[in-house]
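> Below: sequence and its predicted model.
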Amino acid sequence: MTVAIIGAGMAGLSCARALAQAGVALELFDKGRGPGGRMSTRRVELDGRELRFDHGAQYFTARDERFRAEVAQWRDAGRVANWPAAGPEALVGVSGMNEPVRAMAEGLDVRWGTRIDRLERVAGEWVLHGGEGVRGGYASVVVAIPAEQAGPLVADFSSGFADRAERTRSEPCWTAMASFAQTLPLADAITTGGAVAWAARDGGKPGRGGSESWVLQASPGWTRDHLDTPAEQIPALLLAAMFADRAIEPAQPDHASAHRWLYAKAQPVAGEPALWDASLRLGLAGDWLIAPRVESAWISGRELADRMIAEPG
Ligand code: FAD
């Protein structure tokens, strides 16, 4: 019988690939239009050119041996590369940060654009509500979405899992995307202690064609103070803060947009790296169970798959 996986980000896909390798039938559901989750890449058409902005994760590292083995395959296929601007271990997807997620989704049954709103358990099987309607007959369900969204989905079935999710808080993050006709006199990756926690010349990452496109990520405190500020005002505010912080001449962008991440970086509480209830056949995975990093999401998904295979219930 089939496993349903809700969330096809790094954690859900890591779980899916390990299960698929073990011969388990599965279906994934993701509300997003395409692969990425918090490793998304936004494409913008400007004067016949395509600009790409990694508006979620900026880069990732690989220290776990199992993750390193997967990263080596992506590297061999030209789908990730080092980005020395962020440090000797920094890796990015080529030619967008969502490339590893895209690679992992290949060959799997992923229903994009399908949001699951509610779970139900009928005669020992899982039923999913959302998207185009109701889908039943699943032996197991995996919830691989941010803690704040996972808690309400599982609360009717496991107070322990819901409690762990509810005790996890995520920092929000306003992200501005801007491109310029001229080169800004700045390094490719900068951190500041002010409103802008991080800014990067995205166009300078491998495979991006060298465009002068920038991503600016606001600090959690600034984001909280501006949660209800209209998105169209955010780029000007963050650009002004960056120009002032770096003491450089303000420049006018030829493209500017913004994205508000409500649950950008989780602050995990201590506990297991993945949650599995073999009697309910209900599992949870995600970065929020370990640390707010790409690698942690991958590890959590793998750990959950290992437990599901070892303790089938
Ligand atoms: P997600 O990527 O959030 O995947 C969850 C998926 O579930 C999404 O695709 C979503 O569409 C889907 N979903 C949610 N709810 C539902 C539902 N009800 N039904 C169906 N689908 C649903 N990490 C680093 O390592 N380095 C960095 O530099 C870094 N910078 C970051 C900067 C920002 C602004 C943000 C937002 C994150 C950053 N991170 C960084 C964190 C990293 O992106 C995450 O740790 C990682 O991508 C989490 O993967 P995940 O699979 O756990 O969750």
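All right, it came through fine. What you see is a predicted model, and the numbers here were worked out from it, not measured in a lab. Numbering: from 1, shown residues only.
> Tell me how many other residues crowd Val101.
If you count neighbours by other C-beta atoms under 10 Å, Val101 ends up with 28. In short, each C-beta sits where N, CA and C put it, glycine included.
> How about the contacts made by the residue lying closest to it once chain neighbours are set aside?
Closest residue in space to Val101, ignoring its immediate chain neighbours: Pro35 at 4.2 Å, by C-beta to C-beta, 6 or more residues apart in numbering. Neighbouring residues of Pro35 by C-beta atoms under 8 Å, 6 or more residues apart in numbering: Ala8, Asn98, Val101, Arg102, Met104, Ala105, Val110, Trp112.
> The fifth one: which element?
Spelled out, that is Met104. Here Met104 sits within helix 99-105, counting by DSSP states H and E.
> and the residue nearest to Val101, how far is that from Ala123?
34 Å (C-beta to C-beta, to the nearest Å).
> next one: Arg43
Arg43 sits 45 Å away from Ala123, going by C-beta to C-beta.
> between these two, who's got more neighbours?
Arg43 (9 against 6).
> Any idea what that one is bridged to?
Arg52 (DSSP bridges).
> can you check Ile116 too?
Ile116 has the following beta-bridge partners by DSSP bridges: Gly130.
> ok, now how distant is it from Val141?
The gap separating Ile116 from Val141 is 9 Å, by C-beta to C-beta.
> Common neighbours of the two, please.
Shared contacts of Ile116 and Val141 (C-beta under 8 Å, 6+ apart): Ile6, Leu128.
> Which positions in the helix or strand encompassing Cys173 come out as buried?
Assigned by DSSP H and E, Cys173 falls within strand 169-179. Going by neighbour count (16 or more other C-beta atoms under 10 Å), the buried part of strand 169-179 is Ser170, Glu171, Pro172, Cys173, Trp174, Thr175, Ala176, Met177, Ala178, Ser179.
> and the last one, what does it touch?
Going back to what we said before, that points to Ser179. Counting by C-beta under 8 Å, 6+ apart, Ser179 touches Val44, Leu46, Leu51, Gly203, Ser211, Glu212, Ser213, Trp214, Pro253, Asp254, His255.
> again, only this time at 7 Å
Leu46, Leu51, Ser211, Glu212, Ser213, Pro253, Asp254, His255 (C-beta atoms under 7 Å, 6 or more residues apart in numbering).
> which other helices and strands contact the helix ranked longest in the chain?
Ranked by residue count, the top helix of the chain under DSSP state H comes out as helix 294-310. Counting contacts by 3 or more C-beta pairs under 7 Å, 6 or more residues apart in numbering; DSSP states H and E, helix 294-310 is packed against helix 10-21, helix 65-76, strand 275-277.
> quick one: it to chain centroid distance?
Averaging C-alpha positions (C-alpha atoms, centre = their mean, to the nearest Å) puts helix 294-310 16 Å from its chain's average.
> contact partners of that helix?
Residues outside helix 294-310 that contact it (C-beta under 7 Å, 6+ apart): 9-15, 18-19, 22, 39, 57, 60-64, 66-67, 140, 142, 144, 273-274, 276, 283, 285-287, 289-290.
> now with 8 Å?
With contacts defined as C-beta under 8 Å, 6+ apart, helix 294-310 is touched by 3, 9-19, 22, 24, 39, 57, 60-64, 66-67, 70, 100, 140, 142, 144, 272-276, 283-287, 289-290.
> Can you tell me the closest non-neighbouring residue to the residue positioned nearest the centre of the chain?
The chain has Arg38 as the residue nearest its centroid, 2.1 Å off, counting by C-alpha atoms, centre = their mean. With sequence-adjacent residues excluded and distances taken as C-beta to C-beta, 6+ apart, Arg38 is closest to Gly56, at 4.2 Å.
> and this protein, which residues reach the ligand?
With C-beta under 6 Å from any ligand atom as the criterion, the chain meets the ligand at residues 6-12, 29-32, 37-39, 56-60, 115-116, 144-146, 149, 173, 175, 217, 261, 264-265, 286-287, 292-294, 297.
> Recalculate using a threshold of 5 Å.
For the chain, the contact set with the ligand under C-beta under 5 Å from any ligand atom comprises 7, 9-11, 30-32, 37-39, 56-58, 60, 115-116, 145, 149, 173, 261, 264, 286-287, 293-294, 297.
> Can I have the buried ones of these as a ChimeraX selection?
In ChimeraX, a selection of the buried entries from those looks like this (16+ other C-beta under 10 Å):
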select :7,9,10,11,30,31,32,37,38,39,56,57,58,60,116,145,149,173,261,264,286,287,293,294,297
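> Direction included, what does the longest strand along the chain pair up with?
Using DSSP state E to define each element, the chain has its longest strand at strand 255-267. When pairing is defined by DSSP bridges, strand 255-267 lines up against strand 169-179 (antiparallel).
> Return the distance of the helix or strand containing Asp245 from the chain's centre.
Taking DSSP H and E as the criterion, Asp245 maps to helix 234-246. Relative to its parent chain, helix 234-246 has a centroid offset of 25 Å by C-alpha atoms, centre = their mean.
> Nothing else from me, thank you.
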